[in-house]
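Student: the sequence and its predicted three-dimensional model are supplied below.
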Amino acid sequence: MARYTGPKTKIARKFGEAIYGEDKSFEKRNYPPGMHGQNRRRGKKSEYAVQLAEKQKAKYTYGILERQFRNMFKKATAAQGITGEVLLQLCESRLDNVVYRMGIAPSRSAARQLVSHRHITVNGEKVNIPSYQLKAGDVVAVREKSKSLEAIQHSLANAGQVYEWITWNADKKEGTYVSVPQRIQIPENINEQFIVELYSK
């Protein structure tokens, strides 16, 4: 399965924010990468550069490659509603993202691995496709044999944030994807309008 496997702190420094979550290395060097990172004085970015950077940030944040992201944009364009918001909602509805939001995994890449290794079920059935699109009412759970995994237990013990569109039952280690989140409920710092403008050219 193709995915980005390079240095994550470097990517976070490129965008000037910790898009992969808590990162001590990023906090120490919160400036662009490269030997002139701290002293680099760049001119004003072009409109295209700003739009491209926003698309790249969204792709890296959700761990989606270009072709997949473009297909999601086409799907968002065909759907009812504001294209940019629908695009983010499709990203949030991915199984790996919901596993991460529920606190079963500490990051989206860890969630993707859990899904790929068949540790997660949807409505009682094993699903090993990280990009699987969940629908409102779907029940996501940790497979019975995987409930004792140390990585999952540790992640759940440290999970803090609660999201309005997800419910979680700690005893059963399962949660419900209650509804598609509204834009205001999605915490990611992404300007989806720039992405729409870029793909509309």
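Tutor: Yep, it's here.

Student: tell me how far the residue minimising distance to the centre of the chain lies from S46.
Tutor: The chain has Y62 as the residue nearest its centroid, 3.0 Å off, counting by Cα atoms, centre = their mean. To S46, Y62 is 25 Å away according to Cβ to Cβ, to the nearest Å. Where C-beta positions appear, they are placed from N, C-alpha and C, glycine not excepted.

Student: okay, and for this protein, where does confidence drop off?
Tutor: Residue ranges of the chain with pLDDT under 70: 1-43.

Student: residue ranges of the strands in the chain, please?
Tutor: 120-122, 125-126, 138-142, 166-169, 174-177 (DSSP state E).

Student: who touches the second one?
Tutor: The set of residues external to strand 125-126 that reach it, using Cβ atoms under 8 Å, 6 or more residues apart in numbering, is R118, I120, R143.

Student: and with 10 Å instead?
Tutor: V115, R118, H119, I120, R143 (Cβ atoms under 10 Å, 6 or more residues apart in numbering).

Student: thought the fourth one was touching A110?
Tutor: Spelled out, that is I120. No. Using Cβ atoms under 10 Å as the test, I120 is too far from A110 to be in contact (11.8 Å).

Student: which of these two has more neighbours?
Tutor: I120 (28 against 17; other Cβ atoms under 10 Å).

Student: who does that one bridge with?
Tutor: V142 (DSSP bridges).

Student: stretch 121-129: end-to-end distance?
Tutor: 11 Å (Cα to Cα, to the nearest Å).

Student: buried sites along that stretch?
Tutor: T121, V122, V127 (16 or more other Cβ atoms under 10 Å).

Student: which helix in the chain runs the most residues?
Tutor: helix 47-62 (DSSP state H).

Student: what comes into contact with stretch 142-149?
Tutor: So stretch 142-149 is contacted by 99, 102, 104, 114, 117-121, 124, 126, 141, 152-153, 155-156, 172-175 (Cβ under 10 Å, 6+ apart).

Student: again, only this time at 6 Å
Tutor: H119, T121, I152, K173 (Cβ atoms under 6 Å, 6 or more residues apart in numbering).

Student: not counting its neighbours along the chain, what's nearest the first one?
Tutor: Closest residue to H119 apart from its sequence neighbours, by Cβ to Cβ, 6 or more residues apart in numbering: S146 at 4.0 Å.

Student: neighbours of that neighbour, how many?
Tutor: 18.
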